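**Student:** The sequence and its predicted three-dimensional model are supplied below.
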Amino acid sequence: MTDELKKLFAEKTMTAAEAAALVKDGDTVYIGTCTSVAYEIARKLGERVEAGELGQIRVGCSNIFKDLALMESPEHVRVASSFMGPGERKALKCGALEYTSIHLSQVDLFYHDTWPTDIAFIDVSLPDEDGYMSLGATGVAMHPFVLDSAKTIILQINKYAPYVYGTQNLVHISQADGVVYFDEEPPAVDNIDETPEVKKISELIIDRIPDGACVQLGIGNIGNSVGYGLHVRNDLGLHTEMMTDSMAYLMKNGNVTNRCKSYMPGKTVASFTLGSRELYHFIDHNPDMFYQPFPIVNDPRLISLNDNAVSINSAIEIDLYGQVVADNIAGRQFSGVGGQLDFVKGVQMAKGGQSFIAVTSTNTNRAGIRRSRIVSRLAEGSVVTTPRAEVQHVVTEYGLVNLKKLTQRGRAEALISLAHPDYRDQLREDAKKLGLL
């Protein structure tokens with residue numbers, strides 16, 4: 001690095017507390033997303049709020065995993081999120097959250113129009129010799145839209161933030177108004193143990209995935225199980241919003257070559273990364289990875305360019321019409337609309353493409369009450385994530401059906417066959433009352 005660049009970094013260096021002190025009453029502040037969050041500056045800002053130094057501010061974020069006081073101060077902080085994580089759920093519980101439903105393919109609208117930023121705190125990698133820093137494990141997904149509109153930009157330089165390659169993946173020291181040095185590992189999420197039901201579901205899906213397929217895996221136990229199970233396939237490609245441990249395993253094992261892809265052949269294309277610490281090490285300076293913002297990766301037109309594209313996503317419940325609820329529980333927001341519909345549509349536009357909505361047939365809540373995920377009517381207040389006309393394959397441990405070509409009666413019959421046997425008789429009775437059978 002040149003002496004001039006070193007001087008520029010030195011001149012712009014400040015503490016996390018000094019960065020937080022830049023926030024004024026009424027400001028909209030951005031703190032980060034998922035595994036790319038400026039947590040230390042956010043903590044210092046939270047201390048200012050708790051000390052009564054600020055009257056009212058707005059905080060933008062997405063998928064916050066670590067505890068932050070900012071998430072639970074409704075009298076002084078309004079939180080807005082484009083995709084809810086554990087932190088935002090705490091904000092929702094205490095009345096501090098505002099959520100907007102938006103496809104990840106359109107997330108630029110959120111940061112440009114819905115919740116434009118006054119001051120952005122951005123977690124970044126160590127700088128390279130030219131003074132550029134990578135936006136890290138998740139930042140490429142949406143930080144470019146924050147950077148191009150924020151009035152003030154503060155970079156939190158973090159040695160644990162991976163340096164990733166891609167499109168709009170870098171920020172230069174000349175773009176920053178200040179830099180804070182603070183090292184903190186991103187949140188690590190361990191793999192969930194595979195149940196017999198999940199194993200059966202993954203086997204049913206893997207049987208349908210050919211060699212050379214281009215795969216997207218959603219978050220959760222089923223996507224994880226399918227990912228590791230694909231070690232029996234060859235020449236796979238990856239075009240996915242989320243990079244996971246199972247995908248890294250397939251790349252290291254030689255199952256993923258990306259040579260059959262039409263869009264970005266030879267590269268694993270992703271927007272964000274969530275998994276183990278080993279996964280973050282894997283993507284760091286990895287030339288086989290190519291990160292792009294959500295509006296590119298989740299564009300159905302680009303997804304459809306890859307022959308034999310496959311998407312695997314989950315749901316909370318599915319009714320007998322085929323409507324999928326995946327982001328809310330009886331209308332109470334849990335996660336986000338995300339990219340499910342982007343990929344459901346995109347892969348079906350591809351030659352040989354297949355979309356799978358996969359769920360275990362039942363779910364047991366914290367109170368120990370078991371419920372069917374296949375229901376005659378959606379829970380009161382539920383909001384549909386994927387409309388019935390877009391749904392193709394639905395999978396439970398009891399089978400796999402293609403709803404796309406069926407009549408409404410056929411859909412109801414097929415979905416009842418996927419339900420747990422304990423619930424099928426009641427579902428048939430309900431279907432008759434609804435005029436579906």
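**Tutor:** Thanks, I have it.

**Student:** Going by C-alpha atoms from here, please, whenever you check contacts or count neighbours.
**Tutor:** Will do.

**Student:** Who are the contact partners of Gly85?
**Tutor:** Cys34, Ser62, Asn63, Ile64, Phe65, Phe334, Ser335 (C-alpha atoms under 8 Å, 6 or more residues apart in numbering).

**Student:** between these, which is nearest Met247?
**Tutor:** Nearest to Met247 among the contacts of Gly85, counting by C-alpha to C-alpha, is Cys34 at 18.3 Å.

**Student:** returning to what we had before: out of the contacts of Gly85, who's nearest Lys151?
**Tutor:** Ser62 (19.8 Å).

**Student:** tell me the contacts of the closest residue to Phe182 other than its chain neighbours?
**Tutor:** Of all residues not flanking Phe182 in the chain, Asn158 sits nearest, at 5.5 Å (C-alpha to C-alpha, 6 or more residues apart in numbering). Listed by C-alpha under 8 Å, 6+ apart, the contact set of Asn158 reads Asp123, Val124, Ser125, Leu126, Tyr181, Phe182, Asp183, Glu184.

**Student:** Over to Asn308?
**Tutor:** By C-alpha under 8 Å, 6+ apart, the contact list for Asn308 reads Pro210, Gly212, Ala213, Cys214, Val347, Ala350, Lys351, Gly352, Gly353, Gln354.

**Student:** if we can go back for a sec, could I get the contacts of Gly85 as a markdown table with distance to Thr167 and secondary structure?
**Tutor:** Below are the contacts of Gly85 laid out as a markdown table (distance: C-alpha to C-alpha, whole Å; DSSP: H, G, I helix; E, B strand; the rest coil):
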| residue | distance to Thr167 | secondary structure |
| --- | --- | --- |
| Cys34 | 19 | coil |
| Ser62 | 20 | strand |
| Asn63 | 22 | coil |
| Ile64 | 24 | coil |
| Phe65 | 26 | coil |
| Phe334 | 30 | coil |
| Ser335 | 26 | coil |
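
**Student:** List buried residues within the residues you listed.
**Tutor:** Buried by 16 or more other C-alpha atoms under 10 Å: Cys34, Ser62, Asn63, Ile64, Phe65, Phe334, Ser335, out of the contacts of Gly85.

**Student:** for these, which one is nearest Val375?
**Tutor:** Closest approach between these and Val375, by C-alpha to C-alpha: Phe334, at 19.1 Å.

**Student:** and that closest one, what is it in contact with?
**Tutor:** By C-alpha under 8 Å, 6+ apart, the residues touching Phe334 are Met84, Gly85, Arg89, Asp327, Asn328.

**Student:** 6 Å instead?
**Tutor:** Counting by C-alpha atoms under 6 Å, 6 or more residues apart in numbering, Phe334 touches Asp327, Asn328.

**Student:** now Asn363
**Tutor:** Arg370, Arg371.

**Student:** for Val226, same thing?
**Tutor:** Contacts for Val226 were tallied using C-alpha under 6 Å, 6+ apart; they are Ser202.

**Student:** for it, helix, strand, or coil?
**Tutor:** Secondary structure, DSSP: H, G, I helix; E, B strand; the rest coil: Val226 is helix.

**Student:** can you confirm Glu184 is in a helix?
**Tutor:** No. The assignment for Glu184, made by three-state DSSP, is coil rather than a helix.

**Student:** now it: how far from Val37?
**Tutor:** Distance of Glu184 to Val37, given as C-alpha to C-alpha, to the nearest Å: 10 Å.

**Student:** Pull up the overlap in contacts between the two.
**Tutor:** In contact with both Glu184 and Val37: no residue, using C-alpha under 6 Å, 6+ apart.

**Student:** Quick one: the helices in the stretch 151-300 of the chain, in order.
**Tutor:** 196-206, 221-229, 245-253, 277-283, 294-297, 300-303 (DSSP state H, counting those that start in this stretch).
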